[in-house]
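1. Need the 3D shape of this:
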Amino acid sequence: MEELKGIENGYPEEYREKYWAALCVASLRHEKLSSETALALHGLKTKIVREIRARRNKPKSQKESNPTEERSVNAQNLPGTPKLCLLLSSYFPPDIPPVACLNGLIGRCSKPFEKQLTETDVKVRQCRLSLHKFDVKNAVMPLLKEEEDCSEGIPVKVYDADGKEYPMTFITWSSKLHVLKEGWITFCNDHSLLAHQDFVTLWVFRNLQTGYLCFVIISRRLEVFEAIKRRRLN
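-> Coordinates of the predicted model:
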């Protein structure tokens, strides 16, 4: 009888708190979260997972190293480039694109900026990636050559996270709308991109070997189903 003391509903006293905690976590699956809460939780999850993976993959005798520094031996971020707009405060992409096949090919490079995809970004009939004028001014314009005219269109090379290349055209329409077009529809299809839920991080750089204007675009999907406001980093 002494062993059964403190048991209620089949749970010993010492397990009751853990039981309620587990029940609360399980119930979150059916809870409808606000966009802000969903973003905050996803950012926390991403941070924790990255820290765990880093600890697992790091040899015990290895000294602390900065992967960004290793990738930026030849890369150079634009001097005086402001921190560009990111939509999630706990999301901190590296200054240099984390694409292995581009090591040693990245010259002058912009800081990363992020965009939440819209309906027009992914619709087949309108499929083009529109870029905010603030991001274009600070990330693209400083890398252009004198002979390159945005209004006429500039051929560019776009790379995804695996280094796959997508030829596209960067163009400015009516001096207001800046877009990546043509190959963008293929990029969308290959990555099954969705409006609102998918966020793309972009870097712009000059290829050291070819001199081409290039973009790296990496997407991530969040449980967000509506547009959220842009935030400028201080």
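2. Distance of residue 110 relative to residue 213?
-> 11 Å (CB to CB, to the nearest Å). In this view, the C-beta of every residue, glycine as well, is placed from N, C-alpha and C.
3. Same question for residue 141.
-> Residue 141 is 11 Å from residue 213, by CB to CB.
4. you'd agree residue 218 is in a strand?
-> Yes. The assignment for residue 218 by DSSP: H, G, I helix; E, B strand; the rest coil puts it in a strand.
5. For it, name its beta-bridge partners.
-> residue 201 (DSSP bridges).
6. returning to that earlier point: neighbour count: residue 110 and residue 213, which is higher?
-> Between residue 110 and residue 213, counting by other CB atoms under 10 Å, residue 110 is the more crowded of the two (24 against 19).
7. what's around the closest residue to that one other than its chain neighbours, how many residues?
-> Closest residue to residue 110 apart from its sequence neighbours, by CB to CB, 6 or more residues apart in numbering: residue 139 at 3.6 Å. Residues within reach of residue 139, counting by other CB under 10 Å, total 25.
8. what's the answer for residue 155, then?
-> Residue 155 has 13 neighbours, counted by other CB under 10 Å.
9. and it, which of the three is it?
-> Quick answer, by three-state DSSP: residue 155 is strand.
10. now residue 141
-> helix.
11. what about it, neighbour count?
-> Neighbours of residue 141 (other CB under 10 Å): 14.
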